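Chemist: sharing a model prediction with you, sequence too.
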Amino acid sequence: MATIIDRLDDYQRRHRWLSLPLGVVYKFVEDQGTYQAALLTYYGFVSLFPLLLLLTTGLGFALHGSPHLQQQVLHSALNQFPVIGDQIGANIHSFHGNAFALAVGIAGSLYGAIGVAQAAQNALNRIWAVPRHLRPNPLVSRLRSLLLLGLLATGVILTAALTALSSTSHVFGVDISWAARIGAVVFSVALNAALIMLTFQVLTARVLRRSQLWPEAVAGAVIWQVLLVASTYSVNHTLRGSTATYGMFAIVLGLLAWLYLGAMTFVLCAQSAAVRAHHLWPRNLLAPFVDDLTLTGADKRAYTSYATTESYKTFENVRVVFDQATPPAQALPPAQPPVPAPAPAPADEQRDGTEAAS
């Protein structure tokens, strides 16, 4: 059994296409990536609904002179959220003119949106091994969050407007809607990739180069586009006819699943970029499972970064030392000491005993 594992370990170390994804998975598990994605999902769920309400209200003020364009942009923006976009689009009239609902929406959206950005900052700083004493203070971090939210909102509106305008494109009387749709998808992927890269750079308290980020940013944008298409298809063919049976329960579960997949994509892309930049591969195949092994250089760099990330003060020095693994034979408990032999009797007692015997 040990020979088979050794061969598998040697094979994955010699092939980057296998050792690099394995290093990403190991770092994702060691950084508790599932919990980071769950936290992003929670704050995303809290903020998404009021943010969409604010978006529809803002479009009503900005495009009040063009109801047709307003409906096109609104429909395109809500399509970015296929699980609840249709519900908001069908019931948006019930929120018009309600000042209390608008105030609650603003408060809820700010709380949730800032929470999303704060959770993303914490995840990215942990992923990129930024020591705690180098991270921004609570005030500066929230200002960064607000800056990022403004940029992301602008990107969503631009994407929605482009999609709406491209749906009615004509050139010289020739309908090129199919070409416009392809162009809109390509532009949307490019814009989302730029937004992901910008998110990594703004929210990480460390200078990140674009060369370190663009492969994962493009991959994340493509996966996001696939999730949008798959979610829209699922809603149109599964949830649309079952709302009377499942009601809001199915909508909430679908929204949570969709948000969690998006959060997992974000965290995994950040993990992949950090693994490539810090050369955290190849890892020992058994590193997360046993201690009786020889660590690779990537293992030592990873475990060192986990320790130094937790330093809170600038004058706090963290030094990581890896001792040689102890062989199993030496790890056994020491044997019990031998029982001492009884002391010999005195010469007089021995002579008396001899005379008595004779």
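Modeler: That came in fine, so what should we check first?
Chemist: what residue ranges in the stretch 151-300 of the chain score low on pLDDT?
Modeler: For the stretch 151-300 of the chain, applying pLDDT under 70 flags the ranges 156-157, 159-181, 232-251.
Chemist: now the helices for it?
Modeler: Ranges of helices within the stretch 151-300 of the chain are 177-203, 210-234, 243-246, 248-278, 297-308, based on DSSP state H, counting those that start in this stretch.
Chemist: just name the most buried of these.
Modeler: With neighbours taken as mean count of other C-beta atoms under 10 Å, these reach their highest mean count in helix 248-278, at a mean of 20. (C-beta placed from N, C-alpha, C; glycine too.)
Chemist: between it and helix 297-308, how many degrees?
Modeler: In terms of direction (axes from the mean of the first three to the mean of the last three C-alpha atoms, to 10 degrees), helix 248-278 departs from helix 297-308 by 110 degrees.
Chemist: against which helices or strands is helix 248-278 packed?
Modeler: helix 16-30, helix 33-62, helix 99-127, helix 177-203, helix 210-234 (3 or more C-beta pairs under 8 Å, 6 or more residues apart in numbering; DSSP states H and E).
Chemist: let's see that with 7 Å instead.
Modeler: Counting contacts by 3 or more C-beta pairs under 7 Å, 6 or more residues apart in numbering; DSSP states H and E, helix 248-278 packs against helix 16-30, helix 33-62, helix 99-127, helix 210-234.
Chemist: export those to TSV and tack on distance to residue 182?
Modeler: As requested, the helices and strands packed on helix 248-278 are exported to TSV (distance: least, C-beta to C-beta, whole Å):
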stretch	distance to residue 182
helix 16-30	30
helix 33-62	26
helix 99-127	31
helix 210-234	12
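Chemist: worst average pLDDT in those?
Modeler: Ranked by mean pLDDT, these end with helix 33-62 at the bottom, a mean of 76.
Chemist: list the buried residues in stretch 126-145.
Modeler: Using 16 or more other C-beta atoms under 10 Å as the test for burial, stretch 126-145 gives 126, 127, 128, 129, 130, 131, 135, 141, 144, 145.
Chemist: list of residues touching it?
Modeler: 31, 114, 117-118, 121, 125, 202-206, 270-271, 274, 305, 308-314 (C-beta atoms under 7 Å, 6 or more residues apart in numbering).
Chemist: now the closest residue to residue 303 other than its chain neighbours: how far from residue 302?
Modeler: Leaving aside its sequence neighbours, residue 303 sits nearest to residue 320 (C-beta to C-beta, 6 or more residues apart in numbering; 6.9 Å). According to C-beta to C-beta, to the nearest Å, residue 320 and residue 302 sit 11 Å apart.
Chemist: please apply the same query to residue 223.
Modeler: From residue 223 to residue 302 the distance is 25 Å (C-beta to C-beta).
Chemist: mind listing what residue 125 touches?
Modeler: 135, 204, 205.
Chemist: go with 6 Å
Modeler: Residue 125 sits next to 135, 205 when contact means C-beta atoms under 6 Å, 6 or more residues apart in numbering.
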